[in-house]
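>>> have a look at this prediction, sequence included:
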Amino acid sequence: MNLELRHLRVICAIAETGSVTKAASTLGLAQPALTAQLQRIERTLGGPLFERDRRGARPTALGELVLARARVLLPAMKGLQDEAARLASAGDAPRRYRIGGVNSPILGRLVHRLAAEQPQAQITTHASWSVDELAQLVAGGRLDYALTGVCGDSTPSADFGLCWREVAIDPVLVLLPEAHPLAGQDEVDLGDLRHEQWVAAPGDGCFGDCFAAACARAGFTPRKVYEVDVRGCIDLVDAGEAVALCQATFRPVAGLVTRRLAGIPLRWRLMLGWHPESPAARMADLVLDTALAAYTDALTPHPTYLAWLLRNPAFGVRRSTTTAVPTAGTGGVRTA
């Protein structure tokens with residue numbers, strides 16, 4: 001048997017988890033199958049790579065040697081694959097836009113504008129609940145752009161080396177049924193929602209640390225939080241079973257209302273990201289301009305919010321203040 005990269009990944013997984021059983025779960029394999037594979041690898045290399053007992057698996061001297069080489073080879077091969085993917089996409093014709101989105105309120109409008117302005121362009125989209133997954137796909141040349149967001153002034157992760165621009169910043173609103181006792185108010189105090197149940201879509205976002213911190217400042221801990229898809233979020237709010245956070249450009253739904261939270265305890269910044277060394281970087285300004293226009297389109301069904309933006313210039317599009325940050329974003333607000 002010839003040693004392959006997949007065998008090195010097996011060895012690294014066992015070392016990192018400290019257990020063949022845990023490594024099998026991580027790799028999505030049955031434990032007996034992984035054990036048999038490890039035995040074949042050890043026969044190929046001429047000796048045991050791990051000492052195994054009830055406490056787990058610990059590398060032998062031979063195992064440490066193989067691990068040291070594997071930890072150099074695997075990232076190098078990943079880097080080669082990423083560079084090859086970016087190079088392979090450099091000469092694509094017609095123009096191609098591969099856009100990933102996480103709970104984005106303007107993805108549809110962005111695609112519509114790109115398609116109208118460049119009818120021959122190839123436009124594809126990819127959805128994920130994981131911003132890190134999208135950032136990794138962009139860094140690896142499998143996507144061109146990621147459209148996502150960050151809560152408040154949080155600093156996105158720099159692990160993937162992406163360049164990000166701010167499209168707009170909005171206050172986070174609360175989504176209520178029309179019959180809710182607070183639905184008649186222009187603003188709702190977060191503390192007045194202390195007895196509510198909440199609903200959120202999966203993934204990173206404002207139902208993480210920033211929401212918990214905002215509730216703590218308001219003097220309470222959130223009650224039960226349901227986790228369902230976006231359609232399920234709307235259904236639970238409509239049924240009066242829960243309330244939800246939502247983006248300011250949330251598309252109106254009959255029977256539901258959105259209200260600002262008093263004092264704006266939560267903010268959401270819409271971000272567009274790309275890899276600075278990819279072919280997509282050459283078209284980034286055009287895509288950013290299109291995203292800004294798509295955001296403006298998204299305001300049309302919200303005349304009350306648009307009027308509020310005119311009185312609050314710190315929110316909405318702030319093109320003159322946008323700066324590049326070589327980081328990866330985190331998910332935005334939970335109901336798109």
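Noted; the coordinates are in hand.
>>> how much space separates residue 107 from residue 134?
Note on residue 107: its distance to residue 134, by CB to CB, to the nearest Å, is 12 Å. Where you see a C-beta, it was placed from the backbone N, CA and C, and this is true even at glycine.
>>> now swap in residue 70 and tell me
Computed as CB to CB, the residue 70 to residue 134 distance reads 27 Å.
>>> show me where the stretch 1-150 of the chain has its helices.
Counting by DSSP state H, counting those that start in this stretch, the stretch 1-150 of the chain has helices at residues 5-17, 20-27, 31-45, 61-88, 107-117, 131-139.
>>> turn the ones you listed into a markdown table, including mean pLDDT, mean neighbour count and distance to residue 212.
Formatted as a markdown table, these follow (pLDDT from 0 to 100; neighbours: other CB atoms under 10 Å; distance: least, CB to CB, whole Å):
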| stretch | mean pLDDT | mean neighbour count | distance to residue 212 |
| --- | --- | --- | --- |
| helix 5-17 | 92 | 18 | 30 |
| helix 20-27 | 89 | 18 | 29 |
| helix 31-45 | 91 | 15 | 37 |
| helix 61-88 | 83 | 14 | 35 |
| helix 107-117 | 94 | 17 | 28 |
| helix 131-139 | 88 | 23 | 19 |
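>>> for residue 51, which of those helices is the nearest?
Ranking these by proximity to residue 51 (CB to CB) places helix 61-88 first, at 8.4 Å.
>>> burial measure for residue 238, as a count.
Using other CB atoms under 10 Å, residue 238 is surrounded by 16 other residues.
>>> surely it and residue 232 touch.
No: using CB atoms under 8 Å, residue 238 is not in contact with residue 232, being 10.5 Å away.
>>> residue nearest the centroid of the chain?
The residue lying closest to the centre of the chain (CA atoms, centre = their mean) is residue 131, at 1.8 Å.
>>> tell me how far that residue lies from residue 197.
On the measure of CB to CB, residue 131 and residue 197 end up 26 Å apart.
>>> over to residue 55?
43 Å.
>>> can you give me the neighbour number for residue 160?
Neighbours of residue 160 (other CB under 10 Å): 22.
>>> residue ranges for the strands of the stretch 201-336 of the chain, please.
225-227, 244-246, 256-261, 267-274 (DSSP state E, counting those that start in this stretch).
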